[in-house]
Structures are given as structure tokens and as C-alpha cells.
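Could you work out the structure for the sequence below:
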Amino acid sequence: MKREISLEAFTDGKLYTKNDMVKVGCGDCRDCCDCCQGMGDSIVLDPYDIHQLTTNLHLPLEELLSRYLALHVVDGIILPSIKLVSAQAMVNAGSEIAADSMQAVEVCPFLNHMGRCSIHTFRPGFCRLFPLGRYYVNGTFQYILQNHECPKENKTKIKVQKWLGISNLRSYENFVNIWHYFLVDMEALLETSQDEAEKKTLNLYLLNTFFKTSYSTNDFYGEFQERLTKAKSILL
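Here you go, the predicted model:
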């Protein structure tokens, strides 16, 4: 998701790598789930996120869409995102956190009855990053620290790599990078077309190729690269 404002407007003005220390430690979010409330449709998912969810929850994408996810247009491209539920529904379901804290109208459907993330070990990349973000430039990216996003005080410094908690981080970062710039190319391609049917066909192709068709549990990155290479040969 693009932000057309300067870094200084919403970050500490610094750029970080995976080996840098960043003040994000929040005591394991103890007694807090503010970042899981009122996010709208901002938790956009990539193919790796969907692979993790379908594999660990043992549910196909269609079932996830009916219960936890939704499809939204992001910069002209249809992508899946977390579908929030009403905080009142969480109260009715016995959620102690929702009952005590009605700061947001809607909350993440993966919060458990104690207001803790029930998919924490395979949570989406967006959630792993928070309150970090990514700054893309010149074909690559670095990490940024977003100001005023996390309300916790007296945060401690943690290495970015540890904060993300992703095994084989080099492969993951490479995937994140090429997926981002592929979407940039797809956005440009969609902008050149005035045919709505053609745009719909392209979006369906992207959904089927990168999200609906399952990946091998042993080599996600390899399979993704094969699909990407084929897609580029067809579309670009």
C-alpha cells in the first residue's frame, strides 16, 4: 500500500536492515491488543501469508474467504486481506479483552477469547512487521519505524531479524521484494487498459495463479518463482 508523504511525517527518519537494532520491544504485547483493532482493510496478504494460513489452519482459500478474509482492490489489483469482525460479536463470544476495551468497532477475527493472537506463529507479514514498515526504492527495500503506531511506552531495542521471527529470512525478503515490484508492474499494466473485462481477467489470473492454487509445503519460494516467471512471460 502506497503512502505519498515524506518519511519524516510518520517515521523516525531512519532506514534499517535486518541486522539493526530497533526500539520495538513491547513486553510481548502484555495486556494489549490495540494493533489488532480498527485496522479496516489494511492487513493486505501476500501469497506467502495465504500459504501459511491454508497450511496451518488446514483450510482452502475459499473457506478462509468465507470466514476470515475478504478481497479488496489495492492500487487496482484485487488482493486478499483480513476481514474484521465487530467488537460486540467478540463480547458476545466471551472475549474478556473486547469486553474491557471497546476502543475499536471492529477487531481481528483471529483474536482468541483472551484478546491474544491465535495464529501468532504463522501470522501475516504485515503483523510481524508492526510497528515497522517497508520503504521500497531502487528495486529493493529497507525497514522503517512508524511513529505513534504502537501505544506501548518504554519499548526496548530488538534486532529487526529477531522481531520478524521468520526462518530463512533472506529468501523471505527476496520474495517480499520481487512480489512488491511485480505488483507495481501489474498496476502499470492495468492502468494502460480501458477494458474492464480485460482488467477482470487479469485480476482473476493473478488470484488463481498466486493465491488459489496451493503451494508445496517443502518449497514455497521455488514454486512461487516458477509461477512468477511464467506470469511475467505471459503478461509483460
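
what helix or strand does residue 176 sit in?
helix 169-191 (DSSP states H and E).

which residues sit in contact with residue 147?
Taking Cβ atoms under 8 Å, 6 or more residues apart in numbering, we find residue 147 in contact with 10-12. Where you see a C-beta, it was placed from the backbone N, CA and C, and this is true even at glycine.

give the contact list for the residue most central in space within the chain.
Among the residues of the chain, the one closest to the centroid is residue 126, at 3.3 Å (Cα atoms, centre = their mean). Contacts for residue 126 (Cβ under 8 Å, 6+ apart) come out as 42-45, 49.

Now rank those residues by neighbours and give me the top one.
Sorting those by how many neighbours each has (other Cβ atoms under 10 Å) puts residue 49 first, at 23 neighbours.

Number of residues surrounding the nearest residue to that one once chain neighbours are set aside?
Sequence neighbours aside, residue 124 is the residue nearest to residue 49 in space, at 4.3 Å (criterion: Cβ to Cβ, 6 or more residues apart in numbering). Neighbours of residue 124 under the rule other Cβ under 10 Å: 22.

and what of the one 5 residues further on?
Neighbours of residue 129 under the rule other Cβ under 10 Å: 18.

From residue 222, how far out is it?
Using Cβ to Cβ, to the nearest Å, residue 129 is found at 24 Å from residue 222.

Distance from the chain centre to the strand or helix carrying residue 224, please.
Taking DSSP H and E as the definition, residue 224 sits inside helix 220-235. Here helix 220-235 is found 20 Å from its chain centre; the criterion is Cα atoms, centre = their mean, to the nearest Å.

For that helix, C-alpha coordinates in PDB please.
Below are the C-alpha coordinates for helix 220-235, written out as PDB (Å, rounded to 0.1, in the frame of the first residue of the first chain):
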ATOM      1  CA  PHE A 220       7.200 -22.400  -1.400                       C
ATOM      2  CA  TYR A 221       9.800 -20.000  -2.700                       C
ATOM      3  CA  GLY A 222      10.900 -22.200  -5.600                       C
ATOM      4  CA  GLU A 223       7.300 -22.800  -6.700                       C
ATOM      5  CA  PHE A 224       6.500 -19.100  -6.300                       C
ATOM      6  CA  GLN A 225       9.400 -18.200  -8.500                       C
ATOM      7  CA  GLU A 226       8.300 -20.600 -11.200                       C
ATOM      8  CA  ARG A 227       4.800 -19.100 -11.200                       C
ATOM      9  CA  LEU A 228       6.200 -15.600 -11.300                       C
ATOM     10  CA  THR A 229       8.500 -16.400 -14.200                       C
ATOM     11  CA  LYS A 230       5.600 -17.900 -16.200                       C
ATOM     12  CA  ALA A 231       3.300 -14.900 -15.300                       C
ATOM     13  CA  LYS A 232       5.900 -12.400 -16.500                       C
ATOM     14  CA  SER A 233       6.400 -14.200 -19.800                       C
ATOM     15  CA  ILE A 234       2.600 -14.100 -20.400                       C
ATOM     16  CA  LEU A 235       1.800 -10.600 -19.100                       C
END
